[in-house]
Structures are given as structure tokens and as C-alpha cells.
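Asks: Model the following, please.
(one chain, ligands or ions: 2)
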Amino acid sequence: MSIAMALSISCNYTAVSAQNQVRVTVKSNSTTALENVRNLVRAVGIPSVKSSPVESLQKGNWVKLICGASFEDVVDIRNLSLVYTLAGVDCIDCAADASVVSAVNEGIEAATEIFDLLRPWVMISVNDDEDLHFRKAEFDPEDCPLDCSRPCQMVCPANAISLEDRNSTSQLSYAANTNGGFKGGVLTERCYGCGRCFPICPYDKINVVTYIRDINSTAELIKRGDVDALEIHTSARQTSPFKELWDGLQDSIRHLRLVAVSLPDIGETTITSMNSLYSIMEPHLHCLNLWQLDGRPMSGDIGRGATKASISFARRLAATRERPNDKALSKSFLDISGFLQLAGGTNAHTVDGLRKVGLFQTSSSSENSRDEKLKVGSPSPMNASIAGVAYGGYARKIVGRVLSTMQSQQGAVRIEEHPEHLLQALREALALVGTVKCYDPSPVLLQ
Ligand code: SF4
Ligand code: SF4
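Replies: Ligands and ions are numbered 1, 2, ... in the order given. Predicted coordinates:
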């Protein structure tokens with residue numbers, strides 16, 4: 001997916017100020033590259049310079065970066081957070097782990113030192129039961145036959161498997177096994193449980209390790225003060241694990257600005273389940289609430305078709321008035337709740353797909369029998385049918401390529417110390433985030 005291709009998707013509106021039309025001149029040496037980064041952010045006209053995450057939810061241009069509920073490589077997470085904050089995301093979703101949350105906040109802080117932006121919200125993800133997002137691959141490399149062609153390593157999108165012949169003289173930076181088959185194995189902090197290696201092993205050596213985030217640790221993490229939002233992953237098929245988790249977190253919920261529930265499409269019972277889950281949350285839900293529609297989990301980097309499931313899920317839910325929205329906060333200034341946000345298979349084709357079905361930045365209200373387009377700068381907020389899009393694997397892949405190159409050349413480093421790489425990563429991130437935010441694409445394309 002090229003930058004030009006991503007940004008060729010036209011938007012319903014594009015606010016281009018005279019300031020944005022200034023051509024960005026890129027200078028080649030690294031001392032000026034950080035200034036080039038600032039110029040690019042300024043020229044593109046990123047809304048989060050002055051527009052809050054709540055406004056984004058209302059307008060339908062909310063963008064969330066999913067670092068991954070199980071992805072715990074703090075160096076990558078910090079750099080991803082920095083890059084996507086500069087690209088204008090509204091929220092960064094990460095593992096419910098203290099070190100990971102600190103890495104996200106550090107990345108956001110570094111970004112706001114480069115350019116004066118509003119901070120995106122930090123969201124942590126937890127699960128109420130077994131869930132695809134909360135698992136890791138595991139195998140003993142000593143058990144692997146030396147003649148294995150290592151397909152597991154080739155298929156892993158996270159570079160989370162590192163294997164070397166035990167006779168290799170090169171050094172590994174992590175604890176390596178030196179007896180038997182290979183040295184190395186799964187780099188646990190990088191494995192996000194996508195599952196692509198599980199079926200590909202010809203010797204059936206790979207195990208799946210599932211886990212559930214501890215409720216008490218999660219509550220303490222929320223109370224720490226640097227978490228804005230919580231996402232609960234649920235199968236939505238039974239409510240008792242959800243209730244147990246919700247009850248355990250109750251004291252901490254008041255510290256949050258938003259609670260999201262991530263659920264798969266379970267067909268005709270989806271709406272009933274959503275209402276049951278909402279009735280559990282409602283007595284202690286004093287903040288915004290969002291439903292993450294997980295169309296095809298962890299597949300956005302696969303291809304164009306991966307986004308279809310999420311779009312059809314969104315289409316079905318947006319068409320019903322039976323879902324639990326407009327209940328919480330109904331007397332508040334926002335009069336909104338139950339935002340719908342896509343995830344699971346989302347990629348650079350998602351906005352195009354939403355537009356085709358008339359759901360991109362359109363609003364349907366009980367007073368209006370048909371959708372109407374949102375107007376830029378409308379003084380009265382209109383609630384978009386679809387609040388926005390979350391990007392996970394695809395977002396990590398396009399920026400991860402730059403991070404890998406940088407790390408192979410420089411080692412594990414802060415990306416702002418190598419601004420030529422930051423500029424390259426930012427262009428990639430803008431190309432994706434811009435499809436939802438409707439940036440002026442010309443400054444990116446001119447470079
Ligand atoms: S589950 Fe996915 S991320 Fe983890 S090691 Fe296997 S292929 Fe890599
Ligand atoms: S494919 Fe299976 S046997 Fe081969 S290296 Fe990977 S885990 Fe070991």
C-alpha cells in the first residue's frame with residue numbers, strides 16, 4: 001500500500017487552510033529532519049492540535065492505534081506511540097501492564113515535545129475470559145529438528161521468533177538455549193498471539209499459552225493516573241465472567257473517561273448480549289462508552305478483504321435502534337453513548353469500504369429518516385453513526401518496517417534521535433490516519 005494510494009481516497013470534506021498549502025521543503029541532513037517533521041505535522045493540519053478525542057468520536061473521525069493487548073516490546077511501543085501521536089490519533093490502546101503503559105506515555109510525551117498537540121487517550125485492554133488477543137506462542141527450540149526450514153519464523157508478522165543453529169557462533173541478546181536443536185525461540189514480549197505460526201509447524205511443536213489479566217493489578221494500574229480508558233474483550237456469549245471482571249474493577253472505573261467493550265459478531269444474539277453487558281455496566285458507568293466491533297481479529301495486515309467483516313458488522317449495528325446507546329449520559333451535554341468503532345481486519349481500505357455503504361462520517365438521528373453528511377466546523381455536534389476506526393496489525397506493520405530498519409542500523413533507540421527515520425515513519429502513519437482524519441494530503445505527497 002503506497003502513501004499515494006492511501007491518500008488518493010477522497011474525503012467527504014477537506015479543510016485546507018492557507019497555512020496548509022505551504023509546500024514542505026525537505027532538507028536532506030539529519031539536523032534539519034526534526035524540523036521537517038514539525039513542518040509536515042503543521043502543513044498537513046492535524047486536527048489533534050486543537051480537537052479533542054471526544055469531538056473526534058462525535059464527528060466520526062476517531063482513530064485508535066492498537067499496540068496489541070499482548071504486545072509488550074516497550075521500545076517499539078514507545079516509538080509507535082510517538083509516531084502515531086504526531087499523526088494525530090485520538091487513543092493508543094496497549095497491554096494492561098505498567099511498563100507498557102509507561103512506554104506509551106513516554107512516546108506521547110516525546111511527541112508533544114516535538115509538536116504541541118493534544119495528548120491522545122491511553123487505553124488498556126483486558127479480557128474477561130479466554131480470548132485470541134490474550135495468548136502467546138511457546139515452543140522449546142531444543143526440540144526442533146535441525147533440518148526444519150523454520151516456517152514459523154517466516155510467517156510471524158511480529159519478528160517474534162528468532163532461531164539459530166546451535167552451532168552458530170553469533171550472539172543472541174536474549175537467553176538462548178545451547179543444547180539440542182536450535183537456539184532462541186519465541187521472543188515473548190513481541191508475540192501478540194496472532195496464531196499464524198500455530199498451524200504451520202510441520203512437527204506440531206508450538207503450544208498456545210492463554211492468560212487472563214489480573215483484576216486487582218488492572219485496578220491498581222487504572223488508579224495510577226496515566227490511563228484514560230479501559231477496553232474489555234469479551235466473547236459476549238455469557239455474562240458471568242464479564243460481571244465478575246466489572247465488579248472487581250468498580251472502584252477504579254471512576255478514574256476513566258471511556259470504557260470500551262470489544263466483541264465479535266455473534267449473529268442474531270449480538271444485540272441482546274450488548275444490552276445484557278450494558279445493564280451490568282450501567283450502574284457504575286460514569287464515563288463514555290464505546291463498542292469495538294471486532295470483525296476479523298488481528299488480520300488487517302493480510303489484505304483488502306480482511307476489512308469486510310468489520311464493515312458488515314458495523315453496517316448491521318448502525319441500522320438498529322435496539323442496541324444500548326443513548327441511554328447513559330442522556331441528560332448530559334453530550335447526549336451520547338454507545339459509540340461504534342471498527343476493528344479487526346481494519347486497514348487502508350476500511351474507510352473506502354465504509355464510504356461505499358454510506359457509513360463514513362454520516363449521522364443518523366431519530367429525527368432523521370435517512371443519513372445526512374456531517375458538516376465540517378458545524379457548531380452543534382452531530383453524532384456520527386460510526387465513531388471511528390481502530391488500526392492494529394496494519395498500523396504496526398507499516399511503521400514497524402521503518403522501526404526494523406532503524407533498529408538494524410542503530411540498535412534499539414528512540415526514533416526522535418534519528419529524525420530521518422521518524423519522518424519516514426510519520427509519512428506512513430499519516431497515510432493511514434489521514435484516510436479517517438481527511439488531512440490535506442498534498443504536503444505528504446510533495447515530499
Ligand atoms: S503467534 Fe503470531 S506473533 Fe506470536 S510467534 Fe506466532 S506468528 Fe509470531
Ligand atoms: S516450524 Fe516447528 S519445528 Fe520448525 S523451527 Fe518452528 S517450531 Fe520448530
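
Asks: Okay, and the beta partners of the closest residue to ligand 1 within the stretch 1-150 of the chain?
Replies: Using C-beta to the nearest ligand atom, the closest approach of the stretch 1-150 of the chain to ligand 1 is made by Ala137 at 3.8 Å. C-beta coordinates here come from the backbone N, C-alpha and C atoms, glycine included. On the basis of DSSP bridges, Ala137 is bridged to Val208.

Asks: Can you tell me how far it is from Val75?
Replies: 20 Å (C-beta to C-beta, to the nearest Å).

Asks: can you tell me which residues contact the residue of the stretch 1-150 of the chain closest to ligand 1?
Replies: Contacts here follow C-beta atoms under 8 Å, 6 or more residues apart in numbering; on that basis Ala137 touches 152, 160-161, 186, 191, 193, 195, 197-198, 206-209.

Asks: for the residues you listed, which one is nearest ligand 2?
Replies: Using C-beta to the nearest ligand atom, the shortest approach to ligand 2 within the contacts of Ala137 belongs to Cys152, at 3.3 Å.

Asks: Now do the helix or strand hosting that closest one: everything it contacts.
Replies: For Cys152, the host element (DSSP states H and E) is helix 151-155. For helix 151-155, the surrounding residues in contact (C-beta under 8 Å, 6+ apart) are 137, 139, 161-163, 196-197, 200-202, 206.

Asks: which stretches of the protein form helices?
Replies: With DSSP state H as the criterion, the chain has helices at 3-7, 30-44, 53-59, 74-86, 98-114, 151-155, 215-223, 240-253, 270-281, 308-318, 350-356, 393-410, 419-437, 442-446.

Asks: Just give me the lowest mean pLDDT stretch among those helices.
Replies: Ranked by mean pLDDT, those end with helix 3-7 in last place, scoring a mean of 36.

Asks: so how far is stretch 274-291 from its chain's centroid?
Replies: Counting by C-alpha atoms, centre = their mean, to the nearest Å, stretch 274-291 is centred 22 Å from the centre of its parent chain.

Asks: Now do the buried residues in it.
Replies: 274, 276-278, 280-281, 285, 287-291 (16 or more other C-beta atoms under 10 Å).

Asks: returning to that earlier point: what about ligand 2: which of the contacts of Ala137 touch it?
Replies: 152, 206 (C-beta under 6 Å from any ligand atom).

Asks: Tabulate the contacts of Ala137 (CSV), appending neighbour count.
Replies: Output for those, formatted as CSV (neighbours: other C-beta atoms under 10 Å):
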residue, neighbour count
Cys152, 24
Ala160, 23
Ile161, 24
Val186, 23
Cys191, 24
Gly193, 25
Gly195, 15
Cys197, 24
Phe198, 16
Ile206, 19
Asn207, 12
Val208, 14
Val209, 13
